[in-house]
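> could you work out the structure for the sequence below:
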Amino acid sequence: MGSDVKKTNWRWAICALLFVATTINYMDRQVLSLTWKDFIAVDFHWSDSDYGTITGAFSIFYAVACLFAGKFIDWMGTRRGYLVSIFAWSVGACLHAACGWAAMRAEGIEDMEALRNVQAGSAAALAISTISVYLFLGCRMMLALGESGNFPAAIKVTAEYFPKKDRAFATSIFNAGASVGALAAPATIPLLAEAWGWEMAFIIIGAMGFVWMFFWNVMYDQPSKSRHVNAAELEYVNQDYKAESAAEEGGSGKTIPFFRCLGYRQTWSFVVGKFFTDGVWWFYLFWAPAYFSDQYGLPSNDPLAIGLISTLYAIVTILSIGGGYLPKYFVERRGMETYRGRMLAMLIFACFPLFALVAQPLGQVSPWWPAIIIGLAGAGHQAWSANLYSTIGDMFPKSTIATITGIGTTVGGIGSFLINKGSGMLFSHAAGTTVVDGREVEMTRALLESGATYARPAMEFLSFSGKEAGYMIVFCICAVTYVVAWVLMKALVPRYKPIEI
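Numbering: from 1, shown residues only. Next up, the predicted model:
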């Protein structure tokens, strides 16, 4: 090939589409977390435990769906598989808006005002909260089913369009969509909910997925078939796979059977990395708005709350991009082997979440400190995640990448369930119990008026009490899991060892 042939850069246009899809993905997830505390809970009389049940169940739905989503993407192909996935999650996102109407019909209530005026703690309020939780669980199941295809498809597309040395950088770019979605959500969703109701927030954000489907259908094709990719770019894309057949490049090569995948230490290394760390990101995503509301009395539509959440995710967005560049620097500038450079970068990123240890103590000074610190921890997670996904492409053939991604994401969903459901139960217990005259009992008005001689919050941890102690416990867990995960991953796969079919 002549040196004067200029290489096209269509791979970056495809990467941009992956970025937009991931942005929409995370905005759809965030609608509930930004509306439940100040809008939905008021209508349906939810507790922290109710919300924890919904977010935890979403994690399980997502985990189970991911077990099959990767194989589904490998079987159907990235073009059609991605279209089916985003259609399903967009429908699920929009359906949340019908939960209020369905709850009213089920309970025979005429309008939302009457729904809100049901006496708190009454049998009617309990019935409303119960049926609404089940309705939202159904919608979250549909959302999880569709969203489970996003990362297996995106990682597979990245492997199709980028050589190994560029994949972590490309992954960090499209994975930044998670941060951008989380950044755009607090600036838009509470305002939509305040102006037109929380139902319209679900509909408007959910409908964006249908727009994306049009552009994906027009723009995407496999690099060897795309009219936008010239020979020079195709040669660059396939530089790691010159010995592979054209069938493998076309995505139709021989795949590794599902159960055989479970026999590789490389699979379990990825699984361990996902299990220990996915739940941390989802905790920050689902509980950060509630944290600022609980600790500082800031509803999600308060300008200061919007500023805090926006600052948090701005830090995540800006810093996490570097997560893909650092291993590229180690490989190209320092001459390291790809896997060694990636693992060194991941060790550095595993240290960022340790900042969460001081989020709660410094929060006593100003709410801006937790926002900044959680932002740094979140940036560490996103940089970690971009490289964790790229380890699959380092080790496995392209025909099996989506399957391995699905297996790992399934286990990550289980970890997310444990931390979200556990956090909801922990916070409800911390806020709802007290120790009176040496006995731990429920916090009730009758108890407070009983004339007890000594009462204190039941939950105490590192000089914090009540719900503050609950948040401190979870922050400590979130801080150390990445280092634990890195040590276990390194023990499972100490050096580069690709899988050969």
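
> low-confidence regions, the stretch 251-400 of the chain specifically.
For the stretch 251-400 of the chain, the stretches with pLDDT under 70 are 251-254, 322-324.

> tell me where it has helices.
258-261, 265-296, 303-320, 322-332, 338-351, 359-363, 368-395 (DSSP state H, counting those that start in this stretch).

> now for the fourth one, which elements pack on it?
On a contact count with 3 or more CB pairs under 8 Å, 6 or more residues apart in numbering; DSSP states H and E, helix 322-332 meets helix 164-196, helix 338-351, helix 368-395. To be clear about C-beta, it is placed using only N, CA and C from the backbone, and glycine gets the same treatment.

> want to throw those into TSV with mean neighbour count and distance to F283?
Shown next, in TSV, are the helices and strands packed on helix 322-332 (neighbours: other CB atoms under 10 Å; distance: least, CB to CB, whole Å):
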stretch	mean neighbour count	distance to F283
helix 164-196	23	13
helix 338-351	21	17
helix 368-395	25	10
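
> with distance to A123 added, can I get those helices in JSON lines?
Formatted as JSON lines, these follow (distance: least, CB to CB, whole Å):
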{"stretch": "helix 164-196", "distance to A123": "29"}
{"stretch": "helix 338-351", "distance to A123": "49"}
{"stretch": "helix 368-395", "distance to A123": "38"}
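
> ok so, going back, ok, which of the helices of the stretch 251-400 of the chain comes nearest S172?
Proximity to S172 (CB to CB) singles out helix 322-332 among the helices of the stretch 251-400 of the chain, at 2.9 Å.

> ok, the nearest residue to L18 once chain neighbours are set aside to Y161 distance?
Distances taken as CB to CB, 6 or more residues apart in numbering place F174 nearest to L18, at 3.7 Å, with adjacent residues excluded. With the distance defined as CB to CB, to the nearest Å, F174 ends up 11 Å from Y161.

> got a list of what the residue nearest to L18 touches?
F174 sits next to C15, L18, F19, A21, T22, A154, T158 when contact means CB atoms under 8 Å, 6 or more residues apart in numbering.

> and the fourth one, which of the three is it?
The one in question is A21. The local conformation at A21, judged by DSSP: H, G, I helix; E, B strand; the rest coil, is helix.

> ok, now how distant is the residue nearest to it when sequence neighbours are not counted from A182?
Nearest residue to A21, sequence neighbours excluded (CB to CB, 6+ apart): W212, at 5.8 Å. W212 is 18 Å from A182, where distance means CB to CB.

> got it, and V91?
Using CB to CB, V91 is found at 22 Å from A182.

> and the nearest residue to R334 once chain neighbours are set aside, what does it touch?
Closest residue to R334 apart from its sequence neighbours, by CB to CB, 6+ apart: G341 at 7.1 Å. The neighbours of G341, taking CB under 8 Å, 6+ apart as the test, are P327, F330, V331, R334.

> burial of the last one, as a residue count?
For R334, the number of neighbouring residues by other CB atoms under 10 Å comes to 10.

> now it: phi and psi?
With angles defined as degrees, to the nearest 10, R334 sits at phi -100, psi -10.

> doesn't G406 make contact with L67?
Yes. Contact criterion CB atoms under 8 Å: L67 and G406 qualify, at 6.1 Å.

> more neighbours: those two, which one.
G406 (26 against 17).

> how near is A153 to Y220?
A153 is 10 Å from Y220, where distance means CB to CB.

> more neighbours, the two?
A153 (31 against 21).

> which element is the more buried one on?
Per DSSP states H and E: A153 is located in helix 150-161.

> before we move on, the earlier item: the residue nearest to A21 and L18 touch, don't they?
No. Counting by CB under 8 Å, W212 does not reach L18; the two are 10.4 Å apart.

> the more surrounded of the two?
Shown here are W212 and L18; by other CB under 10 Å, L18 has more neighbours (26 against 20).

> list the contacts for that one?
Residues near L18 by CB under 8 Å, 6+ apart: A154, V157, T158, F174, G177.

> now D28
By CB under 8 Å, 6+ apart, the contact set of D28 is W89, S90, A93, L143, E147, I205, G206, G209.

> again, 7 Å this time
W89, A93, L143, I205, G206 (CB atoms under 7 Å, 6 or more residues apart in numbering).

> repeat for V280
Applying CB under 7 Å, 6+ apart, the residues contacting V280 are P353, H381, C478, T481.

> what about it, distance to Y134?
Remark: distance between V280 and Y134 (CB to CB) = 28 Å.

> show me the shaky parts of this structure.
Along the chain, the model assigns pLDDT under 70 to residues 1-5, 120-121, 241-254, 322-324, 432-458, 501.

> switch to 50 and redo it
Applying pLDDT under 50 to the chain picks out residues 1-3, 243-252, 435-449, 453-455.

> hang on, the earlier thing: shared neighbours, L67 and G406?
Counting by CB under 7 Å, 6+ apart, nothing touches both L67 and G406.

> buried sites along the helix or strand hosting S132?
Using DSSP H and E, S132 maps to helix 123-147. For helix 123-147, burial by neighbour count (16 or more other CB atoms under 10 Å) applies to 128-129, 131-133, 135-136, 139-147.

> just the CA trace of stretch 139-149, in CSV.
Below are the C-alpha coordinates for stretch 139-149, written out as CSV (Å, rounded to 0.1, in the frame of the first residue of the first chain):
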residue,chain,number,x,y,z
CYS,A,139,-40.6,-1.7,34.2
ARG,A,140,-37.1,-2.1,35.6
MET,A,141,-37.1,-5.7,34.4
MET,A,142,-37.8,-4.5,30.8
LEU,A,143,-35.2,-1.7,31.1
ALA,A,144,-32.6,-4.2,32.4
LEU,A,145,-33.4,-6.7,29.7
GLY,A,146,-32.6,-4.1,27.0
GLU,A,147,-29.6,-2.4,28.8
SER,A,148,-27.9,-5.8,29.3
GLY,A,149,-27.0,-5.7,25.6
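
> what residues does that stretch touch?
Applying CB under 7 Å, 6+ apart, the contact partners of stretch 139-149 are 25, 28, 54, 57-58, 61-62, 65-66, 69, 72-73, 81-82, 85-86, 88-89, 91-93, 95-96, 99.

> lovely, talk soon.
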